[in-house]
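Asker: Mind looking at a prediction? Sequence and model below.
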Amino acid sequence: MANQITFRHPNKNDTREIFVLIKNSKPLDLNSEYLYLLQTTYFSNTCMVAERKNKIIGFVSGFIDPKDKDIFFIWQVAVDNSVRGCGVGFGMLKALFASKNIVHTKCIHTTISPSNISSQKLFEKFANELNFDKEISIFATKDDFKEAHEDELLYKFKPIKGGNYENIRNL
């Protein structure tokens, strides 16, 4: 029981731990602590944390596209080094997409830089196990950024059967 991982929506009190988690999760871009505060207050229902022994060990942030309510955009997925490869990222995604807050969306979008192999593997597993179609295109090139940054590829996922994430509940 002591090692049990729980998944829940974050709250304002989680901001500092989330900031440190992202800071220690290369190659993720570290945003301002204020942004994570906004995510844990105004976007809490579209984010998820993984917690073990009262410590945040994972964080997923996302939002429903304001221009298209059928699209859920995943901004960042971070997992503490001590539990990488143990299914924490997949568990957070599963818990998030099973929540009532986004179950009505039909597509998942995310951007992943070419060097972020961990995220590529996570979303490959997610797409394969849930029977999602996957489409990859260029979202931004390094020329779109003022400071040094890799290209960002846009991954679009859509369930092959049905219009929602009904397969998640069967995992």
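Answerer: Okay, I see it. Numbering: from 1, shown residues only.

Asker: give me phi/psi at Lys125?
Answerer: With angles defined as degrees, to the nearest 10, Lys125 shows backbone torsions of phi -60, psi -50.

Asker: Excluding covalently adjacent residues, which one is nearest to it?
Answerer: Among residues not flanking Lys125 along the chain, Phe90 sits closest, at 6.1 Å (C-beta to C-beta, 6 or more residues apart in numbering). Bear in mind the C-beta positions are built from the backbone N, C-alpha and C, glycine included.

Asker: Contacts only, for the one you found.
Answerer: 122, 125-126 (C-beta atoms under 8 Å, 6 or more residues apart in numbering).

Asker: looking at these, which has the most residues close by?
Answerer: Phe126 (23 neighbours; other C-beta atoms under 10 Å).

Asker: Next, work out how far apart that one and Leu96 are.
Answerer: Going from Phe126 to Leu96 by C-beta to C-beta, to the nearest Å gives 11 Å.

Asker: in this protein, which spans are helices?
Answerer: Ranges of helices in the chain, per DSSP state H, are 15-23, 33-41, 88-98, 117-130.

Asker: Compare those and give me the one nearest Val60.
Answerer: The closest of the helices of the chain to Val60 is helix 88-98. By C-beta to C-beta, the value is 4.6 Å.

Asker: got the buried residues for the closest one?
Answerer: Buried residues in helix 88-98, counted by 16 or more other C-beta atoms under 10 Å: 88-97.

Asker: what's the farthest-apart pair in the residues you listed?
Answerer: Farthest pair in the buried residues of helix 88-98 (C-beta to C-beta) is Val88 and Phe97. Separation: 15.1 Å.

Asker: Could I get the pLDDT score of the residue nearest to His149 when sequence neighbours are not counted?
Answerer: In space, and not counting its chain neighbours, His149 is closest to Lys142: 5.7 Å by C-beta to C-beta, 6+ apart. Per-residue pLDDT puts Lys142 at 75.
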